[in-house]
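1. Just the structure for this:
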Amino acid sequence: MTGAHHSDSSIVTISAPDWERLVVEACRSGQIRLTKPRRAMIAWIAGQHALFSTEAMAAAVATLPERIGRATAYRMVEHLRETGWLSRIRTERGVYAYARTLPGHHHHAICTRCGTTLIIEGCAALDTLYALLETQGFVVQSHILELTGRCQRCRIAEEARTFGG
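-> You can find the predicted model right below:
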């Protein structure tokens, strides 16, 4: 995987072309037919640099030469979510949107404005929380950690608007 690992090797980033290539490879190895509509939807998702709704995707791909129907778009998003290539995020407005991710056990930090997703490998950050819970007799059996907030680019843009910079 071509990705930038930060100095602690716990944050993984992946480019849109790499994400698209990995999804296509996974479909091929999973014996999922890569029809022209499926390839077009994967490419569309790879090109999204912000959170997107299934409805937005369905509307966008309906105008492509492949003429992809709404139900097909919804099925593709659900398949990619179930196989770990998309993460469903509840936005500040209380609606669900999607961001690209990678399969496997990771945690996510997601910008609720633009959808930038940091993929956090490992669970070392949870050790303190586990220890605290154990003091109360609680033993964690599994976990899902998803952090939402603002990425640096969105925070800088918000500050510029607020302070007229």
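2. Give the ranges of residues in this structure that sit below the confidence cut-off.
-> 1-9, 165 (pLDDT under 70).
3. all strands for it, in order.
-> Using DSSP state E, the strands of the chain run over 11-12, 86-90, 96-100, 107-111, 117-120, 146-149.
4. Nearest approach to E25 belongs to which of the ones you listed?
-> In terms of CB to CB, the element of those nearest to E25 is strand 96-100, at 14.9 Å. Just so you know, the C-beta spots here come from the backbone N, C-alpha and C atoms, and that holds for glycine as well.
5. Against R28, how distant is Y98?
-> 22 Å (CB to CB, to the nearest Å).
6. who's more crowded, these two?
-> Higher neighbour count among Y98 and R28: Y98, with 23 against 11, using other CB atoms under 10 Å.
7. Report the beta-bridge partners for the more buried one.
-> Applying DSSP bridges to Y98 yields these beta-bridge partners: F52, R88.
8. That one: what's it in contact with?
-> 45, 51-54, 77, 81, 86-89 (CB atoms under 8 Å, 6 or more residues apart in numbering).
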